[in-house]
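Asks: How does the following fold in three dimensions:
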Amino acid sequence: MKDDDTNISKGTKLMVDKGPLITGISGIRGIIGKSLTEDTIKRFSKAFAAFLPKNARVILARDTRPSGSVFLDVAQKALSMSGCQVYNLGCCPTPTAKLMTCKLHGDGGIIITASHNPSEWNGMKFIRSDGVFLNQFEHNALMELYESDNFFRNSGGNIITIDSSESITEHISRILSNIDVSSLRKSPIKVTVDFCNGTGGLIVKNLFNELGLGKQAHYINDEPNGHFAHDPEPIPSNLEDLGKEVVRNKSAIGFAIDPDADRVTIVDSIGQPVGEDITLAIATKTLTDQKKGPVVTTLSTSQTISDVAIANECDVHLTPVGEVHVVEKMLETHAVIGGEGNGGVVLTQVTPGRDAATGIILILKAITESRQPFEHLLSCLPNYAIQKRKISCDKNIIDVVVEQFLKENPKAHVHPVKDGFKIFVEGKQNCPWLHLRPSNTEPVLRIIAEAQNIYQANEICQKVERTLREKMVNN
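Replies: Residues are numbered from 1 along each chain as shown. Below you'll find the model as predicted:
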């Protein structure tokens, strides 16, 4: 499994007989039949029932993985036997399940998914009553219940099945009522979308048909069967097939969506991936061009997003890495848009979390309103280069490394929000910057640097790596 702290923040490895079960504030993930079994699903479902009020309403959904149907059945039975009233949405996107948790006045929700992990993985995402993932305090409370086994209740609940099309319809309605899509209706724009046989097709196809875009849209890997045609994480190295289809179909743009449809990344008209941060950058510019207000993103996200927001006279709030931190800050500040640099766009008035469908509509809105090709929009953004490294070391060494870096860069300023250390090298809150943060799931230090060019970003990373090696030798 790729250690992705964007989705597993403050995570731990719960050792079981057949390997590590990855746990964190967005839920749990493991390898099916090894670290993740039916018993794991059952116990976590009962623990979550005990975490919620007595006789709680729990919204339950899953992504398209073949193992999901069995695990969902195990979860709904465990919840019902714990006295919960279960609303089974079946197969639907994660952002859809989150908004339905709010609409149905749920006390919480569970989504059976392993997000962008390969098909041999599955997991559970836990949602509280406002549709937001658990924060660290809530996650710790759930884990204490799980590990104590002190969560059994004897009263019986019931199970209500809701047709997934009802949830999809509600999600589409939320998007169309909160985003001006007049420029999109019956637009001749040609789009190619790779759904990776996940849940994204369940909403995006219907959304495109509603807008009159369906006839000229081209879809690949659009069977919601969970058999992933390639590595499902929507990062540049996995977008080769999409790029070829964009060129073959002469599309204006291509979109890649992860299996549970909360992330979307872009391929341009010549089939080239443009980087994960671009999704949020263009979405932010599109929205803040027309609506002023706070913008929220993470310490590790590209400076491009902050620059775009500031240019539109919007305040920018940076948070620790992880969707829950972004959404909680958005709700606190009444932000107009937020998200992460992994292709995650958040409009809380649509759904309280990242949403691929919302991201796609905002990007297409930008193209059709400007009447310019996507490449023109891209050329108007600030152009930075970002480098990401990781090095095995004791996380306690980070303070020494930061102290040395600050000595070598006397103008540098440390951002007050704590998630490791984000350092603006020249003192101003712009590029170049360095983010050092210990991984929460393995003994490594993450090194992220962004600068005006790739050489400067590499140089910053290399300086940190040299200091780390020197300190480790001396210790």
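Asks: Quickly list the domain ranges of this structure.
Replies: The chain breaks down into these domains under automatic domain parsing: 12-170, 190-273, 276-383, 385-474.
Asks: Quick one: closest of those domains to Leu176.
Replies: Leu176 sits nearest to domain 190-273 of all those, at 7.2 Å, using C-beta to C-beta. In this view, the C-beta of every residue, glycine as well, is placed from N, C-alpha and C.
Asks: how far is the closest one from where the chain is centred?
Replies: Offset of domain 190-273 from its chain centre (C-alpha atoms, centre = their mean, to the nearest Å): 17 Å.
Asks: Span of that domain from start to end?
Replies: The distance separating the two terminal residues of domain 190-273, taken as C-alpha to C-alpha, to the nearest Å, comes to 17 Å.
Asks: what about the nearest residue to Ile25 once chain neighbours are set aside, how many neighbours?
Replies: Sequence neighbours aside, His139 is the residue nearest to Ile25 in space, at 4.6 Å (criterion: C-beta to C-beta, 6 or more residues apart in numbering). Number of residues near His139 (other C-beta atoms under 10 Å) recorded here: 23.
Asks: So which elements touch the host helix or strand of His139?
Replies: Per DSSP states H and E, His139 falls inside helix 136-148. Contacts of helix 136-148 with other secondary structure elements, assessed using 3 or more C-beta pairs under 8 Å, 6 or more residues apart in numbering; DSSP states H and E, are made with strand 19-24, helix 38-51, strand 121-128.
Asks: Return the most buried member of the ones you listed.
Replies: Between those, the one whose residues have the most neighbours on average, counting mean count of other C-beta atoms under 10 Å, is strand 121-128 (a mean of 25).
Asks: What are the contacting residues of it?
Replies: 1, 22, 26-32, 36, 41, 44-45, 48, 59, 65, 67-68, 71, 75, 94, 97-98, 101, 106, 108-115, 117, 133-134, 138-139, 142 (C-beta atoms under 8 Å, 6 or more residues apart in numbering).
Asks: Show only the entries of those found in helices.
Replies: The subset of the contacts of strand 121-128 located in helices under the criterion DSSP state H comprises 41, 44-45, 48, 68, 71, 75, 94, 97-98, 101, 138-139, 142.
Asks: With pLDDT and distance to Pro382 as new columns, can the residues you listed be given to me in CSV?
Replies: What follows is the ones in helices among the contacts of strand 121-128, written out as CSV (pLDDT from 0 to 100; distance: C-beta to C-beta, whole Å):
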residue, pLDDT, distance to Pro382
Ile41, 98, 45
Phe44, 97, 43
Ser45, 97, 46
Phe48, 97, 43
Gly68, 97, 41
Phe71, 98, 44
Ala75, 98, 45
Thr94, 98, 30
Ala97, 98, 35
Lys98, 99, 31
Thr101, 98, 37
Glu138, 97, 37
His139, 96, 35
Leu142, 96, 41
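Asks: What ranges in the chain fall below the confidence cut-off?
Replies: Along the chain, the parts satisfying pLDDT under 70 run over 1-19, 152-155, 440-441, 473-475.
Asks: Try it again at 80.
Replies: Scanning the chain with the threshold set as pLDDT under 80 gives 1-19, 26, 150-156, 394-395, 439-443, 471-475.
Asks: mind listing the helices for it?
Replies: Using DSSP H, helices in the chain cover 38-51, 68-81, 94-103, 136-148, 164-178, 200-211, 240-248, 277-288, 303-311, 323-333, 356-370, 374-379, 398-408, 454-474.
Asks: Could you export the first one as PDB, CA atoms only?
Replies: This points to helix 38-51. What follows is helix 38-51, C-alpha atoms only, in PDB (Å, rounded to 0.1, in the frame of the first residue of the first chain):
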ATOM      1  CA  GLU A  38     -15.400 -10.300   7.900                       C
ATOM      2  CA  ASP A  39     -14.700 -10.400  11.600                       C
ATOM      3  CA  THR A  40     -12.700  -7.100  11.300                       C
ATOM      4  CA  ILE A  41     -15.700  -5.500   9.600                       C
ATOM      5  CA  LYS A  42     -18.100  -6.900  12.200                       C
ATOM      6  CA  ARG A  43     -16.100  -5.700  15.200                       C
ATOM      7  CA  PHE A  44     -15.600  -2.200  13.800                       C
ATOM      8  CA  SER A  45     -19.300  -1.900  13.000                       C
ATOM      9  CA  LYS A  46     -20.200  -2.900  16.500                       C
ATOM     10  CA  ALA A  47     -17.600  -0.500  17.900                       C
ATOM     11  CA  PHE A  48     -19.000   2.300  15.700                       C
ATOM     12  CA  ALA A  49     -22.500   1.500  16.900                       C
ATOM     13  CA  ALA A  50     -21.300   1.900  20.500                       C
ATOM     14  CA  PHE A  51     -19.500   5.100  19.600                       C
END
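Asks: Pull the residues that contact that helix.
Replies: Identification of contacts with helix 38-51 by C-beta under 8 Å, 6+ apart yields 16, 21, 28, 30, 56, 58, 70-71, 74-75, 77-79, 81-84, 108, 110, 112, 124, 126, 138, 141-142, 145-146, 149-153.
Asks: quick one, it and strand 19-24 angle?
Replies: If you take axes from the mean of the first three to the mean of the last three C-alpha atoms, to 10 degrees, helix 38-51 sits at 30 degrees to strand 19-24.
Asks: thinking again about what came up before, tell me which of the domains of the chain lies nearest to Ser182.
Replies: Going by C-beta to C-beta, the one of these nearest Ser182 is domain 276-383, 8.9 Å.
Asks: ok, Val86 - contacts?
Replies: With contact set as C-beta under 8 Å, 6+ apart, Val86 has these partners: Val58, Leu60, Gln76, Leu79, Ser80, Gly157, Asn158, Ile159, Ile160.
Asks: tell me the contacts of Gly226?
Replies: Taking C-beta under 8 Å, 6+ apart as the criterion, Gly226 is in contact with Asp63, Thr64, Arg65, Pro66, Gly68, Ser119, Asn197, Gly198, Pro259.
Asks: can you list these in TSV and add distance to Ser183 and neighbour count?
Replies: Shown next, in TSV, are the contacts of Gly226 (distance: C-beta to C-beta, whole Å; neighbours: other C-beta atoms under 10 Å):
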residue	distance to Ser183	neighbour count
Asp63	32	29
Thr64	32	28
Arg65	36	30
Pro66	40	12
Gly68	37	21
Ser119	38	17
Asn197	31	23
Gly198	28	30
Pro259	30	30
